[in-house]
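> When you get a sec, could you give me coordinates for this:
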Amino acid sequence: MTRSMTLCALMTALLAGAVTAEEVRPGVYRTPDERFDNLPGYSFAPHYKDINGYRVHYLDEGSAEGEPILLLHGEPTWAYLYRKMIPVLVAAGYRCIVPDLIGFGRSDKPASMDVHTYKFHVDVITELVKALNLRDATFFGQDWGSLIGLRVVAENEERFARVVVGNAGLPVGKAAGPEALGEGSAFLQWKRMNQRMIERGDIPTGNMVAGNVGDPSIVAAYDAPFPDPIYKAGPLIMPQRVPVFADDPANDANRRAWEVFRRWEKPFLTAFSDGDPITRGGEIVFQQSVPGAKGQSHTTIKGAGHFLQEQAGDELARVIVKFMADNPVRRIDDQ
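Numbering: from 1, shown residues only. Take a look at the predicted model:
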């Protein structure tokens, strides 16, 4: 789909709707604050940084003196996904940094899908990590949060002390085309479904998450960032940006990231769920390839699907707390 076709579809959806878009500059939209009022289980204060010309929202919970944990959401969620985990991590003495990717949550939303490249999102989170001067940080990511965050870690390894991933990946595309993925591929089916959403110019963000976890009470929270389809360029296009094909422009950078992780001796933990058809078995690659994963207490979260933070947030947070306690940061002055 060309850029002009994409914008045409989005503008058609906008004109058909009843909501007036809030444009902060040409082609960039910002969700009104009142959309985030009174969300169940979510009372965290917003924080903002201007990064690469966009306003990035993040949560900053816990003591400023606590070891930082960078928690990254994926498609099509936002920081709300971590509301069950943050209290557990903060109670253990840690500082939680939870950004919204550009195009998601309370962060700015470019209307052009062309903006939303893999590299763009890696660059934004990298600059946020630097702006906050995170050191000895622990990273956790799921879905696109892992794809982006693992690149950030690999390209700034001196800032990170530990890594935890759940329902995650760091793919390097090898397939010659869609047919090479195989008709049984769950991800191929998702890509096809997503392509139809792009053609329609809309994606049912709230219903996608709520339907996956079986909780209709969260529909409004995951729809909150998107008062109109013109805000949805990010969640619409990101499934198509996963590097599964051999000619993907992200492949070289992901290969370099894997070179880092194949010599990564810092603690590395997998905590995948047992009910995600997209990432099932992906933990084995990390366990076998990353030196720092050897001897760790890798965990399978039972009874959870793709959005394990929703279905098992407390349990997942406790896994991270134990992992961090079992693998204390070794500073020069401690030796």
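> Please make it C-alpha for all contacts and neighbour counts, starting now.
Fine.
> for the longest strand seen in the chain, packing partners?
Longest strand of the chain, by residue count under DSSP state E: strand 54-61. Under the contact criterion of 3 or more Cα pairs under 8 Å, 6 or more residues apart in numbering; DSSP states H and E, strand 54-61 touches strand 47-51, strand 95-99.
> I'd like to know how many residues surround the nearest residue in space to residue 48 that is not next to it in sequence.
Leaving aside its sequence neighbours, residue 48 sits nearest to residue 57 (Cα to Cα, 6 or more residues apart in numbering; 4.6 Å). Counted by other Cα atoms under 10 Å, the residues lying close to residue 57 total 24.
> Next: residue 103.
Quick note: residue 103 (other Cα under 10 Å) scores 31 neighbours.
> Give me the nearest residue to it, chain neighbours excluded.
Nearest non-adjacent residue to residue 103 (Cα to Cα, 6+ apart): residue 109, at 4.0 Å.
> How about residue 144?
residue 74 (4.2 Å).
> Can you tell me how far that neighbour is from residue 242?
Counting by Cα to Cα, to the nearest Å, the gap from residue 74 to residue 242 is 12 Å.
> Is the residue nearest to residue 48 in contact with residue 44, as I believe?
No. Between residue 57 and residue 44 there is no contact under Cα atoms under 8 Å: 11.8 Å.
> Rebuild the helices and strands packed on strand 54-61 as CSV, extending it with distance to residue 207 and mean pLDDT.
Below are the helices and strands packed on strand 54-61 laid out as CSV (distance: least, Cα to Cα, whole Å; pLDDT from 0 to 100):
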stretch, distance to residue 207, mean pLDDT
strand 47-51, 27, 98
strand 95-99, 22, 98
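> mind listing the helices for the stretch 101-250 of the chain?
With DSSP state H, counting those that start in this stretch as the criterion, the stretch 101-250 of the chain has helices at 118-131, 144-155, 178-181, 186-200, 205-213, 219-223, 233-237.
> Rebuild the ones you listed as TSV, extending it with mean neighbour count, distance to residue 268 and mean pLDDT.
Converted to TSV, these look like this (neighbours: other Cα atoms under 10 Å; distance: least, Cα to Cα, whole Å; pLDDT from 0 to 100):
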stretch	mean neighbour count	distance to residue 268	mean pLDDT
helix 118-131	18	19	98
helix 144-155	25	11	98
helix 178-181	14	29	71
helix 186-200	16	25	92
helix 205-213	19	27	97
helix 219-223	21	30	98
helix 233-237	25	28	98
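> can the helices and strands packed on strand 54-61 go into TSV with extra columns for mean neighbour count and distance to residue 183?
Output for the helices and strands packed on strand 54-61, formatted as TSV (neighbours: other Cα atoms under 10 Å; distance: least, Cα to Cα, whole Å):
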stretch	mean neighbour count	distance to residue 183
strand 47-51	16	40
strand 95-99	25	35
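> Any regions of the stretch 1-150 of the chain where pLDDT drops low?
Scanning the stretch 1-150 of the chain for pLDDT under 70 picks out the ranges 1-20.
> residue boundaries of the strands in it?
Per DSSP state E, counting those that start in this stretch, the stretch 1-150 of the chain carries strands over the ranges 23-25, 28-29, 47-51, 54-61, 68-72, 95-99, 109-110, 137-141.
> Redo those as JSON lines? Include distance to residue 301.
Output for these, formatted as JSON lines (distance: least, Cα to Cα, whole Å):
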{"stretch": "strand 23-25", "distance to residue 301": "41"}
{"stretch": "strand 28-29", "distance to residue 301": "37"}
{"stretch": "strand 47-51", "distance to residue 301": "31"}
{"stretch": "strand 54-61", "distance to residue 301": "25"}
{"stretch": "strand 68-72", "distance to residue 301": "18"}
{"stretch": "strand 95-99", "distance to residue 301": "21"}
{"stretch": "strand 109-110", "distance to residue 301": "33"}
{"stretch": "strand 137-141", "distance to residue 301": "15"}
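> For the helix ranked longest in the chain, which helices and strands make contact with it?
Determined from DSSP state H, the single longest helix within the chain is helix 308-326. Applying 3+ Cα pairs under 8 Å, 6+ apart, we find helix 308-326 packed against helix 86-91, strand 268-273, strand 299-301.
> Deepest in the core, which of those is it.
strand 268-273 (a mean of 26; mean count of other Cα atoms under 10 Å).
> That one to strand 137-141, inter-axis angle?
Strand 268-273 runs at 30 degrees relative to strand 137-141, counting by axes from the mean of the first three to the mean of the last three Cα atoms, to 10 degrees.
> after strand 268-273 comes which helix or strand?
Next helix or strand after strand 268-273 toward the C-terminus (DSSP states H and E): helix 282-289.
> buried ones in that following helix?
Neighbour-count burial for helix 282-289, with 16 or more other Cα atoms under 10 Å as criterion, is recorded at 282, 283, 286, 287, 289.
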